[in-house]
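A.B. asks: This is the structure alone, sequence omitted:
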C-alpha cells in the first residue's frame, strides 16, 4: 500500500499542476488518456470531454466517478487601468483567493502570470476595508500594462481563463495541502485503482468502469453514463467541519447532501465493508453539496447511487487532507469492487 500511496500522491501533483477550471479541461483529460493508455487500458473521450475507461470484470456494471474540472475564473472585462475584472467558474469564494497567484490562458495559447487582489489591498492606503466580493476583485498582470489597450495588445480578451496556483504539498507527517483536492485527490485514487487492475493485482467481481468528468463544478458532469450501469459511486471529497463526524484521516460515506439521500442499501453496504475491514470511516450528512451521480439521476438513469471520498477540510479554499484518508478510501473501493 505504501507504493500505491506514493503513486496516488505523485498523480495528485501531476494533476494539480495542470490547470483545468470548468470549461478548460482538455489538458487534464489528455493527461488522463495518456496515463490510462500507458497502463494498457482503452479510455474513450465523450463529446463533452468526459473520460470513460473499463477496467474489466463481468456483470452488475459499476461506475466509479470523479471529476477533474476545478474552480477558477474567467476574464469578464478588461478595465481602463489594464487590470482584469474576473467572473467566477463554479462555486469560487473570492475571499479565499485574495492575494493568490494565478495564470491567465489566452485563446491563442499564450500564458501570463498575475495576482488576484481586491481593489484596495494596501493597509497603508485603504481608508476602510474593501469587501472581498466579485465586483471588488481584479487580476494584476505581471506585465508592464496600464491601459486596456496595452492589455489587449498581449492577446488577452474577454472569456480567457484564469487559473489559481494550486500550491500542492505533502508533508512528512502525511498531510496533503492544495487547492483542488476537490476532486483531483479522488481522481488520483481512481488512477491508483486503474493501475492495480491493469497489472493484475485486482480480481474484479463485477464490471467496473471509471468515469472522469469535466463539468461537475457546474452541475452536469455525470449526466451521461453507460446504458448498462447498475450502481454508480461518486468518488469525491468527503466533508470535514462543524457538526460532521469525518476527519481528514478517514473515508467519508455520505448518507445525504443538498440533493437528498443516497441509496440506503448502497450506503449500508459501504459502511458494512468499512466496519468489517476496521477502516477509519464516518457516515455524514453534507448540508451544502452536490455530486456527479445526482446529475446522472436527474438525467433519468435507473441506478443505485453513493458517494465516498477522503476527508477534506476547508472545501473550495486551500484544502487539506491526509494520506490516511486516501488509504482508507482506496481500501474501501478496492474491497467493494472485489467482493461478489
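C.D. replies: Now that the structure is in, tell me what you want to look at. It should be emphasised that the depicted structure is a prediction, and the values quoted were computed from it without experimental measurement.
A.B. asks: what stretches of this protein score poorly on pLDDT?
C.D. replies: Low-confidence segments of the chain (pLDDT under 70): 1, 340.
A.B. asks: Which strand residues bridge residue 54?
C.D. replies: Counting by DSSP bridges, residue 54 is bridged to residue 209.
A.B. asks: Hmm, it is touching residue 211, no?
C.D. replies: No: checked against Cβ atoms under 8 Å, the pair residue 54 and residue 211 is beyond contact range at 10.3 Å. Bear in mind the C-beta positions are built from the backbone N, C-alpha and C, glycine included.
A.B. asks: Between those two, point out the one with more neighbours.
C.D. replies: Counted by other Cβ atoms under 10 Å, residue 54 and residue 211 do not tie: residue 211 has more neighbours, with 27 against 17.
A.B. asks: is it true that the more buried one touches residue 222?
C.D. replies: Yes: the pair residue 211 / residue 222 is scored as a contact, 6.9 Å apart, by Cβ under 8 Å.
A.B. asks: if I look at those two, which residues touch both of them?
C.D. replies: By Cβ atoms under 8 Å, 6 or more residues apart in numbering, residue 211 and residue 222 have these common neighbours: 65, 292.
A.B. asks: Could you count how many residues lie near residue 191?
C.D. replies: 25.
A.B. asks: That one: what's it in contact with?
C.D. replies: Here residue 191 is in contact with 7, 8, 11, 32, 35, 36 (Cβ under 8 Å, 6+ apart).
A.B. asks: got the buried residues for the helix or strand that contains it?
C.D. replies: Per DSSP states H and E: residue 191 is located in helix 181-198. Within helix 181-198, the residues scored as buried using 16 or more other Cβ atoms under 10 Å are 181-198.
A.B. asks: starting at the chain centroid, how far to that helix?
C.D. replies: The chain centre lies 11 Å from the centre of helix 181-198; the measure is Cα atoms, centre = their mean, to the nearest Å.
A.B. asks: try stretch 253-269
C.D. replies: Its chain's C-alpha centre and that of stretch 253-269 lie 20 Å apart, by Cα atoms, centre = their mean.
A.B. asks: end-to-end on it?
C.D. replies: End-to-end distance for stretch 253-269, by Cα to Cα, to the nearest Å: 10 Å.
A.B. asks: Same check on stretch 276-296?
C.D. replies: Chord length of stretch 276-296, first to last residue, is 30 Å (Cα to Cα).
A.B. asks: gap between that stretch and the chain center?
C.D. replies: For stretch 276-296, the distance to the chain centre is 15 Å (Cα atoms, centre = their mean).
A.B. asks: show me the residues around residue 136 that make contact.
C.D. replies: Per Cβ under 8 Å, 6+ apart, neighbours of residue 136: 94, 118, 119, 130.
A.B. asks: So which of the residues you listed is the closest to residue 165?
C.D. replies: If you rank those by distance to residue 165 using Cβ to Cβ, residue 94 comes first, at 15.4 Å.
A.B. asks: separation between that closest one and residue 301?
C.D. replies: Distance, residue 94 to residue 301, using Cβ to Cβ, to the nearest Å: 35 Å.
A.B. asks: same deal with residue 105?
C.D. replies: Distance from residue 105 to residue 301, by Cβ to Cβ: 34 Å.
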